[in-house]
Each structure stands twice: as C-alpha cells, then as structure tokens.
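[1] Provided below are the primary sequence and the corresponding predicted coordinates.
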Amino acid sequence: MQTFAHMLHPDRLLPADPETRRVARGIYERTRSLPIISPHGHCSPALFADDGPIGDPAAEIVTRDHYLLRMLYSQGVPMEALGVPPRDGGAAETDGRAIWRTFAQHYHRFRATPSKYWLDHTLAEVFGIDEPLRAETADVVYDQMTARLAEPTFRPRALFDRFGIELLATTDGSVDSLDAHARIRASGWPGRVVPTFRPDDVVNPDRPGFREKLDRLGALTGEDTSSWHGYLAALRARRAAFIEAGATASDHGHPSAVTADLPDTDAAKLYARVRGGDFDPADAELFRGQMLVEMAAMSMDDGLVLQLHAGSWREHNPTVHARFGPDKGADIPTTIDFVGGLKPLLDRFGNETRLTVIVYTLDESTFSRELAPLAGHYPALRLGPPWWFLDSPEAIRRFRQLVTETAGFANTVGFNDDARSLLSIPARHDMVRRLDAGFLAGLVAEHRLDAHEAAEVAEDLAHHLARRAFRVA
Ligand SMILES: [Zn+2]
C-alpha cells in the first residue's frame with residue numbers, strides 16, 4: 001500500500017533533472033528551518049488569546065476553506081454537506097465525522113492542486129498520519145486528527161512555537177476592538193501576533209452596512225464622521241490604535257487598482273455623496289481610489305506599510321452569495337490595469353523612500369507587463385508574492401520567471417501564506433522554499449548565479465525580505 005512517507009517525497013517540487021536537483025537540495029537545506037514570517041493571513045487572534053483546543057478537524061480544515069468549498073461545489077457536492085449552513089436556517093451537516101467522510105470521498109478531485117499538496121503535508125508532517133486520505137481511511141484519519149487536537153501540544157500557542165513562527169499578522173476590520181490582541185499581550189506569552197489594519201468596511205461604499213460602520217467608527221474614536229475631515233481623523237485614530245497593538249501594515253482589498261488624488265473640496269463632496277447613499281458605481285470606485293491615496297498620505301506620517309490586494313470580483317455567483325453568504329469560493333479574478341490605475345498614487349508618492357506600497361494581483365498577465373516594471377522603478381513600490389489563485393507551485397514558478405529579470409529579488413517581499421488555518425501555515429512556507437530553491441538552482445546550473453549567491457538570495461526570499469518590507473522590528 002502506498003503510504004504518506006512515499007507521497008511526501010523528500011525531493012518533492014524540486015527540479016527533476018538530477019544535477020539541478022542536487023543543487024536545489026543544498027539551497028533548500030539553507031532555508032527549510034528558518035523562522036516563518038507570516039505578514040498576511042486570516043487566523044483569528046482569539047485563537048492565540050484563548051489558546052484553547054482547535055476543535056473539530058472537519059470544521060477547521062474543510063468548512064472554513066474556500067479553496068476546498070469551491071472545488072467540491074463545482075463537482076456537485078452541496079455546501080450543506082460540507083457544514084456550511086444556509087442563511088435561511090435550512091439544515092446543514094453538523095457532524096464533523098460526516099463532513100470529513102464526504103470530503104475524503106471526493107479528495108481525489110484535488111489531485112495536482114495546491115489544496116491537496118498543503119493538506120497532505122499537514123496530515124503527514126503536522127499530525128504524523130501515515131495513511132493517505134481516501135474514502136476508506138476517512139474514519140482512521142479523522143480519529144487520529146481528533147485525538148491529536150485534544151493534546152496540549154496541539155494548542156495554538158504550542159503549534160506557533162513548533163512551526164517556528166517569528167511573527168504572524170492577522171487581518172482585522174477598522175472598527176475591531178482589538179481585544180484579542182490586547183489579551184495576547186497581557187498574557188505574557190512572547191509569541192508575536194499583531195493586527196493588520198483592514199479598513200475595507202469603512203472605505204468601500206458598496207459594502208453592506210457602510211453607513212452604520214461609519215457611525216461606529218465615529219463612536220469608537222470620538223470623531224465626527226459625518227464630515228470628511230472628521231472621517232479622516234477617525235481613520236488616523238484607528239491606525240494609531242492598531243500601531244499601538246503592534247500593527248506594521250494596512251491592507252486594502254479593492255476590486256481594481258484605481259487610485260485618485262482629488263482636490264480636498266471635491267473629495268469632501270464625494271464623501272458626502274457616498275455617506276449619504278446617493279452615489280453611482282463610478283462614485284464608489286472613485287472614492288475607493290481616493291482613499292488609497294489618503295491612506296498612503298497617512299502612511300507617510302505613521303509608517304504603516306500599505307498593501308493593496310486588487311482584482312477580485314467578490315461574490316461572482318449571486319445564488320451562492322444569497323444562500324450561504326460571502327467567502328464560499330465564488331470570487332473570481334478580473335483583468336486589471338495597474339499602470340493607469342496606480343498613476344495618481346505614484347505621481348504623488350511613488351518617489352518616496354519612506355513609504356512602502358505592496359501590490360498583489362490575481363491577474364498574472366500583469367506580472368511582467370506592469371508590476372515588475374513598476375516595482376523595478378518606483379522606490380515606494382514593492383511587488384507582493386503570488387496571491388490566492390496564484391499561490392500554487394506552477395504559478396509561483398511562473399512568478400519568478402516573469403518578474404525577476406525586471407524587478408530583481410529586492411523589489412519583492414518574500415511570501416504570504418494567506419492561511420485560514422494555523423495548521424496549514426508550515427505546508428505553505430515549505431512549498432515556496434522548495435520552489436525558490438528550484439528556481440535558484442536553475443540559475444546556478446546555467447552559471448548565472450554562483451552557489452554562494454543563490455544561498456544568500458534563498459535566505460532573503462524565505463525570511464529577510466519579508467522582515468524588511470513589513471518593518472518587523
Ligand atoms: Zn488574505
């Protein structure tokens with residue numbers, strides 16, 4: 001019988017050519033144990049504040065993972081069978097074992113996808129399970145996972161230490177109380193879990209509840225958010241609170257890369273329109289663009305690194321959205337114009353060396369045509385790692401090939417795992433370290449880098465670049 005020991009080959013993802021593989025192994029050995037910097041992801045800070053058991057493995061690994069939901073849904077598996085409750089109160093599976101069985105039955109659908117690659121790694125390396133997951137082994141694997149998750153060594157803080165995480169940034173809404181972060185710090189636990197300021201809820205007029213969030217923003221800060229300047233002051237106050245809680249970055253999820261730098265009076269009028277609910281889609285787009293430039297201006301003062309995640313058409317499937325809500329795997333990438341979109345932002349701040357703007361795309365056609373040339377010129381701009389649909393072996397290889405000649409390595413910022421589950425973090429960082437070792441080994445084999453240079457770059461990519469870009473002190 002095939003075992004995981006075989007499935008997790010020690011040379012997995014390394015180049016197939018024996019000579020290049022030998023070089024790649026040496027490079028990978030240099031980085032495999034380096035600490036993990038996780039500057040962008042979606043683990044809940046409450047996980048580390050409470051440090052309670054992670055709980056049911058099916059809920060943790062299947063139900064919350066939109067990568068898994070989308071693929072299974074595409075193959076006709078109902079969301080309800082995966083534990084996703086319909087909004088109308090209809091029935092959904094609540095038994096973790098049953099959800100896990102359904103998942104295991106369909107696990108072969110994930111062959112050659114990063115989801116399977118990550119989960120095989122997690123099962124074998126994190127849980128120590130040596131049975132490959134399939135319908136027949138669903139119960140055995142489920143029982144072993146459940147037993148491990150009940151052990152103290154599988155508590156979040158213990159895992160954080162075991163995984164060698166040096167810093168983990170969560171993603172937090174602008175009106176979040178940051179209470180969990182305060183509890184982490186008050187607990188005396190030395191693990192570094194910091195918030196990231198994600199103000200989409202008060203910057204995107206198309207978000208449901210936008211007006212109420214603005215009111216809450218005002219109440220939370222004591223500023224008058226009915227006025228443009230009061231609104232900006234409130235945002236500045238929240239940024240200060242996030243920095244106080246350890247944040248080094250803001251993050252902005254926008255449908256496009258449009259930015260705008262309107263005169264103050266025009267911006268104030270635009271704010272009055274979007275706040276009053278009297279706006280069209282073009283106003284919403286312009287307002288989001290204006291707010292990116294306002295955020296960059298604030299970053300010039302307070303030092304937060306500005307991340308832009310652009311180009312996701314959220315909730316492309318209205319039926320799934322109406323029935324199950326957001327983040328169920330129905331978001332689809334769109335084409336995006338960075339060269340034109342970022343122009344107003346770059347005209348004003350592109351030449352600043354004390355500002356860092358990190359741009360992420362789901363449109364890989366922009367890597368070589370737009371983003372590498374932009375990041376390879378403007379001092380304020382850095383190119384974020386492959387994101388979401390692109391944080392996979394083939395796309396990460398393409399990323400290095402497409403951007404390195406124009407942007408170099410120094411205009412990139414290491415890796416983001418973007419993980420929903422703490423359990424999957426090591427698999428993702430290990431994957432990219434192997435891929436980078438393979439890419440660098442290719443350059444060594446072609447005598448374009450010497451072995452010493454390749455090792456140095458590998459350590460930069462695995463650790464130092466992220467530390468520097470995200471201003472980890
Ligand atoms: Zn994310």
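    The structure has been received and is ready for your questions. Numbering: from 1, shown residues only.
[2] Surely residue 91 is within a strand?
    No. Assigned with DSSP: H, G, I helix; E, B strand; the rest coil, residue 91 falls outside any strand and is coil.
[3] Pull up the gap between the nearest residue to it once chain neighbours are set aside and residue 88, please.
    Once flanking residues are discounted, residue 91 sits nearest to residue 80: 6.6 Å by CB to CB, 6 or more residues apart in numbering. (Each C-beta comes from the backbone N, C-alpha and C, glycine too.) Counting by CB to CB, to the nearest Å, the separation of residue 80 from residue 88 is 11 Å.
[4] do residue 292 as well
    Counting by CB to CB - residue 292 and residue 88 are separated by 37 Å.
[5] One more: residue 350?
    Taken as CB to CB, the span from residue 350 to residue 88 is 49 Å.
[6] Between the two, which has more neighbouring residues?
    Neighbour count, other CB atoms under 10 Å: between residue 350 and residue 88, residue 350 has more, with 19 against 8.
[7] show me where the stretch 151-300 of the chain has helices.
    156-162, 179-186, 200-203, 210-221, 228-244, 264-276, 281-302 (DSSP state H, counting those that start in this stretch).
[8] Among those, show me which one is buried the most.
    helix 200-203 (a mean of 22; mean count of other CB atoms under 10 Å).
[9] residue contacts, the residue nearest the centre of the chain?
    The residue lying closest to the centre of the chain (CA atoms, centre = their mean) is residue 418, at 2.5 Å. Contacts for residue 418 (CB atoms under 8 Å, 6 or more residues apart in numbering) come out as 40-42, 387-388, 391, 428.
[10] pretty sure residue 59 contacts residue 83?
    Yes. Using CB atoms under 8 Å, residue 59 is in contact with residue 83, at 6.2 Å.
[11] who has more neighbours, those two?
    residue 83 (23 against 16).
[12] which residues touch the more buried one?
    Taking CB under 8 Å, 6+ apart, we find residue 83 in contact with 58-59, 62-63, 92-94, 96, 99.
[13] for residue 42, same thing?
    170-171, 418-420.
[14] Show me the one in those that has more neighbours than the rest.
    Going by other CB under 10 Å, residue 170 tops the contacts of residue 42 with 25 neighbours.
[15] Per-residue confidence, that one, what does it come out as?
    Listed pLDDT for residue 170 reads 98.
[16] thought it was touching residue 197?
    No. Residue 170 lies out of contact with residue 197 (CB under 8 Å); the separation is 10.8 Å.
[17] quick revisit: from residue 126, how far out is the residue nearest to the centre of the chain?
    Residue 418 is 18 Å from residue 126, by CB to CB.
[18] likewise residue 113?
    With distances taken as CB to CB, residue 113 is found 19 Å from residue 126.
[19] So which of these two has more stuff around it?
    Using other CB under 10 Å as the criterion, residue 113 and residue 126 rank with residue 126 on top: 20 against 15.
[20] got the contact list for residue 60?
    Going by CB under 8 Å, 6+ apart, residue 60 touches 54, 421, 423.
[21] meant to ask about residue 431
    13, 114, 117-118, 121, 393, 396.
[22] Make JSON lines from those and add neighbour count to it.
    Converted to JSON lines, the contacts of residue 431 look like this (neighbours: other CB atoms under 10 Å):
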{"residue": "13", "neighbour count": "19"}
{"residue": "114", "neighbour count": "20"}
{"residue": "117", "neighbour count": "21"}
{"residue": "118", "neighbour count": "27"}
{"residue": "121", "neighbour count": "20"}
{"residue": "393", "neighbour count": "18"}
{"residue": "396", "neighbour count": "23"}
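[23] Make TSV from the helices of the stretch 151-300 of the chain and add distance to residue 76 and mean pLDDT to it.
    Output for those, formatted as TSV (distance: least, CB to CB, whole Å; pLDDT from 0 to 100):
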stretch	distance to residue 76	mean pLDDT
helix 156-162	34	98
helix 179-186	38	98
helix 200-203	32	97
helix 210-221	36	98
helix 228-244	43	98
helix 264-276	41	98
helix 281-302	34	98
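[24] Of all the ones you listed, which one comes closest to residue 473?
    helix 228-244 (11.8 Å; CB to CB).
[25] what sits up against that closest one?
    By CB under 8 Å, 6+ apart, helix 228-244 touches 172, 174-175, 178, 195-197, 199, 202, 214, 217-218, 220-225, 247, 250, 264, 267-268, 271-272, 275, 294-295, 298, 301-304.
[26] Name whatever forms a beta bridge with residue 332.
    Following DSSP bridges, residue 332 is listed with bridge partners residue 313.
[27] would you list every one of the strands in the chain?
    36-38, 165-169, 172-173, 193-194, 197-198, 249-254, 305-310, 312-313, 332-333, 357-361, 381-383 (DSSP state E).
[28] if you average pLDDT over each of these, which comes out lowest?
    Checking each of the strands of the chain, the one with the poorest mean pLDDT is strand 312-313, at a mean of 92.
[29] Run the chain-centre distance for that one.
    Strand 312-313 sits 15 Å away from the centroid of its parent chain (CA atoms, centre = their mean, to the nearest Å).
[30] hmm, who's touching stretch 372-380?
    So stretch 372-380 is contacted by 338-339, 342, 346, 349-353, 355-357, 359, 381-383, 402-408, 411-412 (CB under 8 Å, 6+ apart).
[31] Alpha carbons of that stretch, in CSV - could you do that?
    Extracted C-alpha coordinates of stretch 372-380, given in CSV (Å, rounded to 0.1, in the frame of the first residue of the first chain):
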residue,chain,number,x,y,z
ALA,A,372,7.7,44.1,-12.4
PRO,A,373,8.4,47.3,-14.4
LEU,A,374,6.6,49.5,-11.9
ALA,A,375,8.2,47.9,-8.8
GLY,A,376,11.5,47.8,-10.6
HIS,A,377,11.4,51.6,-10.9
TYR,A,378,9.4,53.4,-8.2
PRO,A,379,11.1,53.4,-4.8
ALA,A,380,7.8,53.3,-2.9
